[in-house]
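Peer 1: Here is a sequence together with a model predicted from it:
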Number of protein chains: 2
Amino acid sequence: MKRKIQIFNPEKEKIAIGLLSGTSVDGIDAVLIMMKGSGTNTKIKVLDFETYKIPIRIKNKILINSNNTTARIEDICRLNVIIGELFASAALKLCHKNNIKPSSVDFLGSHGQTIHHLPALKPYEGFKVKSTLQIGDPSIIANITGITSIGDFRIADCASGGDGAPLVPFLDYILFRSKNTNRGLLNIGGIANITVLPKACDKDKVIAFDTGPGNMLIDGLMRRFYNKPYDKDSKIALSGKTIKLLFDFLVHDKQYRQRPPKSTGREYYGTEFLNKISRIARISKKEDVIRTVTEFTAFTISYNYKKFILPKVKLDEVVVSGGGSYNPVLMNSLKNYMPKVKIKKMDSNGISAESKEAVLFAVLANECLCGNPASMRSVTGAKKDSILGKICLAYNEE
Amino acid sequence: MKRKIQIFNPEKEKIAIGLLSGTSVDGIDAVLIMMKGSGTNTKIKVLDFETYKIPIRIKNKILINSNNTTARIEDICRLNVIIGELFASAALKLCHKNNIKPSSVDFLGSHGQTIHHLPALKPYEGFKVKSTLQIGDPSIIANITGITSIGDFRIADCASGGDGAPLVPFLDYILFRSKNTNRGLLNIGGIANITVLPKACDKDKVIAFDTGPGNMLIDGLMRRFYNKPYDKDSKIALSGKTIKLLFDFLVHDKQYRQRPPKSTGREYYGTEFLNKISRIARISKKEDVIRTVTEFTAFTISYNYKKFILPKVKLDEVVVSGGGSYNPVLMNSLKNYMPKVKIKKMDSNGISAESKEAVLFAVLANECLCGNPASMRSVTGAKKDSILGKICLAYNEE
């Protein structure tokens, strides 16, 4: 039996940074935390959270290079370094803002930028693999910041037949499990995902999966129709009404109705899907289209609850995080579709809705350095546990 | 000042594996070694070396996906996992062949498969970066083999403005530096590179750069003309003669005449370059074309010696490794072009010509785990030193 490699003593109090850019490429979320312990004993205190801009030309290049017909390897090769530089710069700015020397930070965890996600076991040249691709190289981050950087958390799980997603359930499990409440944690980013934590559950009883689109359809159409990144305070959706024909078309789509475990990438709800919506709604008012996809997004979440969760666990409450929690129409639709469940925003529960995913990557980095497997087999479908992440040491000349 | 992170005690005797697939995608080189120490105190004993086949369909996909016009992100995403699986399988086969349990191997170092290399500082969307892209994910290798895997050694150097290549000079420096001899180490893989070790030099005095094509042009045309992977024992070249027109055209190409530090990727001597040769030599005999590119390959090496090395160091000997050392026409041409230098094959000097590069990646993995920077600033042009590689821990359930 091999000895366990443990780079850090988990009992030491550590300063860590978590970094993330989501599928909607809205910006780099960076969180500064104090932490202690590991696994279910992890204690976290958020010191600061900030979102740093990604230059619009780079954002566009990322979107172009996430698409199978428009991606170019020269761009991917360069973007891997450039996104690494942007992430490094975000970490350094966060240190500077908080008057903390980068050399005092024990480590950082970076999700990087997903540019492709292929969880389906499709035959390919005699092989059958699941795969996922994140860029924003952690070696670049480590060498620019001088901070030990851990990145690329998803792919290890693919080695054991897992989807490499979702990763959030691990954080949900260690932070939000309750002794007395059947709790759901719903994160509405580009894609929406839910984690179900039955009261007093252990790790193998956690259910989690992507429910379907989060803000992707809304944001994609806001860009198309209004050249705006998102529907601020759902003002556009509020001024529109649901188009029955379009709603029926969307409801009949099969993707969101798949049985879990499942994960959804940017691929499915990308340009092609938006083109279909635009075609069907070509004579409709733009605000009505936005309203309809907002309603549809809430519907897919409630559908997944009723079909795949309710038969096993009746939820007492659902705590919502991510950009979607700031969309009142989306939140109200959720309440209408799920009247028996208390729907509330994450902020009311400690770690803010905004910072949650960034915190996750600091926590996952800690697990990696402590030699703990943070994979969730019951969620990703992996056949065995894995230590997630790649460790990039920084060389600080003495 | 931060403490140095050192995962392994360098003084312990370790069993390690080195893995590599070169730009010509000939197969996966795997070496099993015993080693002790680190840096210039590294002691190595090669236990076994083997080359494992890459399925032809995957080889072709790698070549297609190294090219900017034919690469597709879906393929790259899947190949990253598949090549990881192939590398893992090579490591496991090597263990099995040698009756060694994978759990007894302390670590492995994997170069992966380069699919793109962009060392030029070209402006790109407001940024200017050097970059390089290797696939064959080390997290996949770690999780399949259960062996701590270190990979992705090049990119850290790009963070400090280095080319991320060549890496071989580090091994050359610790293994082949001589007290009394000005020695050159020439590796002829897909691309040819030379390391110059002035007698009794220290690390900053090492000169090393890619001289230009290694076997790429010969192999590329062998595939085109004869559907064969290479010119075995240079039989084809031996039956042909040099075409002056083509030779003159090649000699006037600028790439190989660039001033070092420089590194050359598969990009330059790829399909487009072969197309040019085919056009110019369209009425020539095939064997004459093979002869000519073989002569030209030797010429580029001697040109680089005379132009960029001789003014600084007069070499006493050049030790040749890599596939090109088995090409008698290439070796004889080298002797003709460089009559005052003793040209000899690597085998005569301990570690075999074949296993050298694979040994390098085990050595680099060891440096990474010992927290030592293995970057060579004087060679890659980097502004500071880096610890090369990403560490992927394997989880072995107890």
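Peer 2: Yep, that arrived. Numbers count the residues shown, from 1 in each chain, chains lettered A, B, ... in the order given.
Peer 1: confidence score at the residue lying closest to A:Gly18 once chain neighbours are set aside?
Peer 2: Leaving out its chain neighbours, the residue that sits closest to A:Gly18 by CB to CB, 6 or more residues apart in numbering or on different chains is A:Ala362, at 3.4 Å. Bear in mind the C-beta positions are built from the backbone N, C-alpha and C, glycine included. Listed pLDDT for A:Ala362 reads 98.
Peer 1: So A:Ala362, which state does it fall into?
Peer 2: What DSSP: H, G, I helix; E, B strand; the rest coil gives for A:Ala362 is helix.
Peer 1: List the residues that contact it.
Peer 2: A:16-18, A:31, A:33, A:35, A:108-109 (CB atoms under 8 Å, 6 or more residues apart in numbering or on different chains).
Peer 1: Just the ones of these in strands?
Peer 2: The subset of the contacts of A:Ala362 located in strands under the criterion DSSP state E comprises A:16-18, A:31, A:33, A:35, A:108-109.
Peer 1: and A:Ile391, that's in a strand?
Peer 2: Yes. The assignment for A:Ile391 (three-state DSSP) places it in a strand.
Peer 1: was I right about it contacting A:Ile7?
Peer 2: Yes. With contact defined as CB atoms under 8 Å, A:Ile391 counts as touching A:Ile7 (7.1 Å).
Peer 1: Going by how many neighbours each has, rank the two and give me the top one.
Peer 2: Of the pair A:Ile391 and A:Ile7, A:Ile391 is the one with more neighbours under other CB atoms under 10 Å in any protein chain shown, namely 27 against 18.
Peer 1: related to what we said a few turns ago, for A:Ile391 and A:Ile7, list the residues in contact with both.
Peer 2: Shared contacts of A:Ile391 and A:Ile7, counting by CB under 8 Å, 6+ apart, come down to A:Leu369.
Peer 1: residues contacting the residue lying closest to A:Thr181 once chain neighbours are set aside?
Peer 2: In this structure, A:Thr181 finds its nearest non-sequential neighbour in A:Asp316, 4.9 Å apart by CB to CB, 6+ apart. If you count contacts by CB under 8 Å, 6+ apart, A:Asp316 has them with A:181-183, A:341-342.
Peer 1: how about 7 Å then?
Peer 2: A:181-183, A:342 (CB atoms under 7 Å, 6 or more residues apart in numbering or on different chains).
Peer 1: Please report how far it lies from A:Ile301.
Peer 2: 17 Å (CB to CB, to the nearest Å).
Peer 1: likewise A:Ala281?
Peer 2: 22 Å.
Peer 1: longest helix in chain A, by residue count?
Peer 2: helix A:73-97 (DSSP state H).
Peer 1: thinking again about what came up before, which two among the contacts of A:Asp316 are spaced furthest apart?
Peer 2: A:Asn182 and A:Lys342 (10.9 Å; CB to CB).
Peer 1: Which residues of the stretch 51-200 of chain A lie near chain B?
Peer 2: A:55, A:57-58, A:61, A:65, A:68, A:71-74, A:76-78, A:80-82, A:103, A:115-116, A:118, A:124-127, A:129, A:131, A:133, A:137-140, A:143-144, A:148, A:152, A:155-156, A:158-160 (CB under 7 Å from any CB of the partner chain).
Peer 1: are any of those residues buried, and which?
Peer 2: Among these, the ones that count as buried by 16 or more other CB atoms under 10 Å in any protein chain shown are A:58, A:61, A:65, A:71-74, A:76-78, A:80-82, A:115-116, A:118, A:124-125, A:127, A:129, A:131, A:133, A:137-140, A:143-144, A:148, A:152, A:155-156, A:158-160.
Peer 1: so of those residues, which ones are in helices?
Peer 2: A:58, A:61, A:73-74, A:76-78, A:80-82, A:138-140, A:143-144, A:155-156, A:158-159.
Peer 1: Return the residues of the stretch 251-398 of chain A in contact with chain B.
Peer 2: A:368, A:371, A:373, A:385-387, A:390-393, A:395-398.
Peer 1: ok, 10 Å please
Peer 2: Contact residues (CB under 10 Å from any CB of the partner chain) of the stretch 251-398 of chain A with chain B: A:267, A:368-369, A:371-375, A:382, A:384-398.
Peer 1: May I ask which of the ones in strands among the contacts of A:Ala362 has the most neighbours?
Peer 2: For the ones in strands among the contacts of A:Ala362, neighbours tallied by other CB under 10 Å; top is A:Leu108, 34 neighbours.
Peer 1: Show me where the stretch 251-398 of chain A has its strands.
Peer 2: A:317-321, A:342-345, A:390-392 (DSSP state E, counting those that start in this stretch).
Peer 1: Just name the most buried of those strands.
Peer 2: Highest mean neighbour count among the strands of the stretch 251-398 of chain A (mean count of other CB atoms under 10 Å in any protein chain shown): strand A:390-392, with a mean of 29.
Peer 1: name the helices or strands packed onto it?
Peer 2: strand A:107-124, helix A:138-145, strand A:149-151, helix A:356-369, helix B:138-145, strand B:149-151, helix B:155-159, strand B:390-392 (3 or more CB pairs under 10 Å, 6 or more residues apart in numbering or on different chains; DSSP states H and E).
Peer 1: can I get those in a markdown table with distance to B:Pro311?
Peer 2: Listed next are the helices and strands packed on strand A:390-392 as a markdown table, based on distance: least, CB to CB, whole Å:
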| stretch | distance to B:Pro311 |
| --- | --- |
| strand A:107-124 | 45 |
| helix A:138-145 | 33 |
| strand A:149-151 | 41 |
| helix A:356-369 | 49 |
| helix B:138-145 | 41 |
| strand B:149-151 | 38 |
| helix B:155-159 | 26 |
| strand B:390-392 | 39 |
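Peer 1: Could you report the distance from the residue nearest to A:Gly18 to A:Ala91?
Peer 2: From A:Ala362 to A:Ala91 the distance is 11 Å (CB to CB).
Peer 1: cool, A:Lys61 as well?
Peer 2: Taking CB to CB, one finds A:Lys61 at 21 Å from A:Ala91.
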